[in-house]
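[1] When you get a sec, could you give me coordinates for this:
(2 chains)
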Amino acid sequence: MTQPVSSHPTSVDLLVLHTLRCIGFSSLPGVARATGLPESDVESELIDLGVAGLVTHTAGDFGGWNLTEDGRASDAERIAAEVTAAGARVRLTAAFDRFLVLNPELLDLCTAWQTRTLGGAMTMNDHSDPSYDARVLDRFMEFHQRAEPLCAELSATLLRFQRYPVRLADALARAKAGSLEYIADSTSSYHTVWFQLHEDLLATLGIPRH
Amino acid sequence: MTWIHPLSAEVEETADVLGGKAHGLVVLSRLELPVPPGFVISTEACRAFLRTGRLPSGLDAQLAAAVAGLEAATHRRLGGPERPLAVSVRSGGSVSMPGMMSTVLNVGLTTEATTALADETGDLRFALDSRLRFLTGFASGVVGVGPGSLAGIDRVLGGHDTDTSCLAEAIQVVEHLIEERGGGTVPEDATRQLELAVAAVFSSWNTPRAKTYRELHGIPHGLGTAVTVQMMVFGNRDQRSGTGVAFSRDPSTGEHVPFGEALFGRQGEDVVSGTSLTEPLSELSDREPAVWSRLLSALTRVEEYYRDACYVEFTFEAGELWILQVRPGRFIGRAAVRVAVDLADAGTIGRDEALLRVSPQDLTHVRTPRITTTEPHDLFTRGLGASPGVAVGQVATSAASAVRLAAGGPVVLMRPETSPLDMHGLAAAAGVVTARGGPSSHAAVVARSMGKPAVVGAVSLTVDVAEGCVRAGGRTLPEGTLIAVDGTGGEVVVGEPRVVTSGSDPQLYRLLDWADDVAGDATTDRDETERLTSAQALLRSGDACGAPG
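    Below you'll find the model as predicted:
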């Protein structure tokens, strides 16, 4: 894959740390999928980050890898330094504005997928009407076409954003092929990836969630 | 071609031409209820605009005449140096597309008119607050400035303790933003402001979001929207002013008591956007009894007219009530059944019509568990139901404590809003409550995907993670407190309340008895949906067995 030379690359340890920061509590395969790196590489990085006190692993039903308080502070500092070093703040801020225009559209689409409005009232979509589901999927395809230029702009600014268009396109292709959980249900669904992109933009620009 | 029609009782055009909102305002005028004077630019003008990209010829002259008429009726001048007239410019197609199109309020508040408004009212803060509202509406609706850039401005608005220098500063920031985003300088010509606002509302018919909405709901793309222009009534005028929404009956139970919320000292957009702390509607009875009693009688009048539960949006300015929108309530589930049965009992509609008003989906909804018989003091907070069902569990204020407490039994996760970092807490929880967000927020989408009851936008809720407690309405609940969440009605209740499911609904039994009378079939082994739909089929074909009602 060719990328403009101006796009700023991220070191692998920061990439793993920051990905975990944006996806939250996750299994090793989850972090590997989100970063696009082999599991063995990711595990090695997580162990090093764990030794440095930046991430921790919890066992149990809802267990997995997660950042420590130190990890969050370190990530915030290093990600902010990366934005400054890449001179990317203005472009990212403009891109975030575009994201915020698309975001309600995507959430509308997810809501349309999960619920139906009949006689003006909201009711859960039981997916018994293939023509309705097909119409919503069509709108997802159309939405994705408009989201792609934004993803390209982000990737051209900071290389690490290039995972999002790949993961979004993958989710959509799977949904289109009949795995409907890839719209909003699965941990690799279109909504989940978009939600993580939202979190990433907030974290990258240092904007608190209120 | 007549592009513009007055908002008056005599207007005979249909909602296809006037749009649903303006048509409702004409109905209100016929009922002699208080509607701010104004006029409506028809959907035909929008269609012409969408075809050619400009306002149709002849519209400018008609607009000038309509404005002159409005000036004469109000004894004010649009953007005038004394007694200035400001107007609201709202979208409204023949089919409702809530929140999809633009609205620009406080149009006509040029710098000069703002000064005049301050002189007239002796309240500079109010005048600047209104000018700032105009500018933010103009920036987002006309210039297309994104919500990210305008974030923070809404925090300046509406606070009666916000000082005027703070407002003046925010005004400069927005003016600068508009210029920077290619909007040029904001016109100081009020008529030009109005033309731009009208064109912007027409254009908003074709935003991607609006197009998607139409695709999904099967609404033809060629309809276009009407534009309603009315004298502004200022809910942000003073502490005897405000805004709100009201249902003539409780939309969650169907009970015949008015239900809704009010927001003092603010304009209507603040209620709909859910950014501000609203009060229960009944608060009006203490603080503004005259407004309250007029509102109650207005609700009765519109119910008589529509012969159904109704919804209104209203504003009160210095103790005077104005109705800004009306439509039938569109209740669902148990509430739809109850309203239909109650209206038939009252003789407002016949039993046959009651049967036809309830849909098979409503019966599905009746089977959704709901919290019932809530004592007022048990209600902790209330938001919007975003994922149906009832969850009962211990309060958890973070994903980590949700996971920890879930080892000992069910948990309800309560968060300001959710981020991906809350996902494992959501997975561990039986239900979720968020202070912010609407039915299309990330939290709502995730809760529905996991099939967990959810309440979002419980604006009175604050979550104190450091202290491990939640607060609302003057009460504090520590983590571990047992609460219940109703993801249909949006109630959050302390303790373990009674929960109803199908089979214990007296109104439903009666409705189904009526259905059996119509069908002439009292065999009890048929399921509820079949009993209803067979009666409906007979009623629609005019072949009913008896003559019910």
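
[2] which residue ranges form the strands in chain A?
    Per DSSP state E, chain A has strands spanning A:55-58, A:64-67, A:115-118, A:121-124. These are given in chain order.

[3] would you turn these into a markdown table with distance to residue B:528 and mean pLDDT?
    From N, CA and C alone the C-beta is placed, and that goes for glycine too. Supplementary listing: the strands of chain A in a markdown table, determined by distance: least, Cβ to Cβ, whole Å; pLDDT from 0 to 100:
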| stretch | distance to residue B:528 | mean pLDDT |
| --- | --- | --- |
| strand A:55-58 | 47 | 93 |
| strand A:64-67 | 45 | 94 |
| strand A:115-118 | 17 | 79 |
| strand A:121-124 | 16 | 75 |
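
[4] Of all the ones you listed, which one is nearest chain B?
    For chain B, the closest of the strands of chain A is strand A:121-124, at 3.7 Å, according to Cβ to the nearest Cβ.

[5] Packed most tightly, which of the strands of chain A would that be?
    With neighbours defined as mean count of other Cβ atoms under 10 Å in any protein chain shown, the strands of chain A peak in mean count at strand A:64-67, which reaches a mean of 20.

[6] Now do that one: distance to the chain's middle.
    Computed by Cα atoms, centre = their mean, to the nearest Å, the separation of strand A:64-67 from the middle of its chain amounts to 17 Å.

[7] So, low pLDDT: which residues of chain A?
    Counting by pLDDT under 70, the ranges of chain A that qualify are A:1-6, A:62, A:118-121, A:210.

[8] what about the helices in chain A?
    Assignment of helices within chain A using DSSP state H yields the ranges A:12-23, A:28-35, A:39-51, A:69-85, A:89-114, A:130-157, A:163-176, A:181-184, A:190-205.

[9] Would you format those helices as a markdown table with mean neighbour count included?
    Below are the helices of chain A laid out as a markdown table (neighbours: other Cβ atoms under 10 Å in any protein chain shown):
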| stretch | mean neighbour count |
| --- | --- |
| helix A:12-23 | 22 |
| helix A:28-35 | 19 |
| helix A:39-51 | 16 |
| helix A:69-85 | 15 |
| helix A:89-114 | 20 |
| helix A:130-157 | 16 |
| helix A:163-176 | 19 |
| helix A:181-184 | 21 |
| helix A:190-205 | 23 |
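
[10] before we move on, back to that, with distance to chain B as added columns, please give the strands of chain A in a markdown table.
    Formatted as a markdown table, the entries for those read as follows, by distance: least, Cβ to the nearest Cβ, whole Å:
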| stretch | distance to chain B |
| --- | --- |
| strand A:55-58 | 8 |
| strand A:64-67 | 7 |
| strand A:115-118 | 6 |
| strand A:121-124 | 4 |
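
[11] Quick one: closest of the helices of chain A to residue B:430.
    Evaluated over those, closeness to residue B:430 peaks at helix A:89-114, with 19.0 Å, by Cβ to Cβ.

[12] Can you confirm whether the closest one lies near chain B?
    Yes: contact between helix A:89-114 and chain B is present through A:93, A:96-101, A:104-105, A:107-112, A:114 (criterion: Cβ under 8 Å from any Cβ of the partner chain).

[13] can I get the helices of chain A in a markdown table with distance to residue B:383?
    What follows is the helices of chain A, written out as a markdown table (distance: least, Cβ to Cβ, whole Å):
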| stretch | distance to residue B:383 |
| --- | --- |
| helix A:12-23 | 27 |
| helix A:28-35 | 30 |
| helix A:39-51 | 38 |
| helix A:69-85 | 29 |
| helix A:89-114 | 16 |
| helix A:130-157 | 26 |
| helix A:163-176 | 29 |
| helix A:181-184 | 21 |
| helix A:190-205 | 20 |
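
[14] rewinding a little: as a markdown table, the strands of chain A with distance to residue B:489 would be great.
    Written out in a markdown table, the entries for those read as follows (distance: least, Cβ to Cβ, whole Å):
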| stretch | distance to residue B:489 |
| --- | --- |
| strand A:55-58 | 36 |
| strand A:64-67 | 35 |
| strand A:115-118 | 16 |
| strand A:121-124 | 13 |
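
[15] Around chain A, which positions in the stretch 351-500 of chain B sit nearby?
    By Cβ under 8 Å from any Cβ, the residues of the stretch 351-500 of chain B that approach chain A are B:359, B:361, B:364-365, B:388, B:399, B:403, B:406, B:416-417, B:419-424, B:427-428, B:436, B:439-442, B:444-446, B:448-449.

[16] wait, the stretch 201-350 of chain B
    B:208-209, B:212-213, B:215-217, B:330-332, B:336.

[17] Please spell out the PyMOL selection for the buried subset of these.
    Listed next is the PyMOL selection for buried residues among these, using 16 or more other Cβ atoms under 10 Å in any protein chain shown:
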select buried, chain B and resi 209+212+213+215+216+330+331+332+336
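
[18] tally of neighbours for residue B:163?
    For residue B:163, the tally of surrounding residues (other Cβ atoms under 10 Å in any protein chain shown) stands at 11.

[19] Then the one 4 residues further on?
    Residue B:167: 22 surrounding residues under other Cβ under 10 Å.

[20] does any part of the helix or strand that contains residue B:125 sit near chain A?
    Residue B:125 is part of helix B:124-138 when elements are defined by DSSP states H and E. No: using Cβ under 8 Å from any Cβ as the criterion, no contacts between helix B:124-138 and chain A are found, and the smallest distance is 15.0 Å.

[21] by contact count, what packs against that helix?
    In this structure, helix B:124-138 makes packing contacts with strand B:103-107, helix B:111-121, helix B:153-156, helix B:164-178, helix B:190-203, judged by 3 or more Cβ pairs under 8 Å, 6 or more residues apart in numbering or on different chains; DSSP states H and E.

[22] worst average pLDDT in these?
    When those are compared on mean pLDDT, helix B:153-156 scores lowest, with a mean of 70.

[23] For the host helix or strand of residue B:530, buried residues please.
    Here residue B:530, judged by DSSP H and E, is contained in helix B:528-541. Of the residues in helix B:528-541, those with enough neighbours to count as buried (16+ other Cβ under 10 Å) are B:528, B:531-536, B:538-539.

[24] Let me have the residues you listed in JSON lines, adding distance to chain A and pLDDT as columns.
    As requested, these are exported to JSON lines (distance: Cβ to the nearest Cβ, whole Å; pLDDT from 0 to 100):
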{"residue": "B:528", "distance to chain A": "16", "pLDDT": "87"}
{"residue": "B:531", "distance to chain A": "20", "pLDDT": "92"}
{"residue": "B:532", "distance to chain A": "14", "pLDDT": "93"}
{"residue": "B:533", "distance to chain A": "14", "pLDDT": "92"}
{"residue": "B:534", "distance to chain A": "20", "pLDDT": "92"}
{"residue": "B:535", "distance to chain A": "18", "pLDDT": "94"}
{"residue": "B:536", "distance to chain A": "13", "pLDDT": "94"}
{"residue": "B:538", "distance to chain A": "21", "pLDDT": "92"}
{"residue": "B:539", "distance to chain A": "17", "pLDDT": "93"}
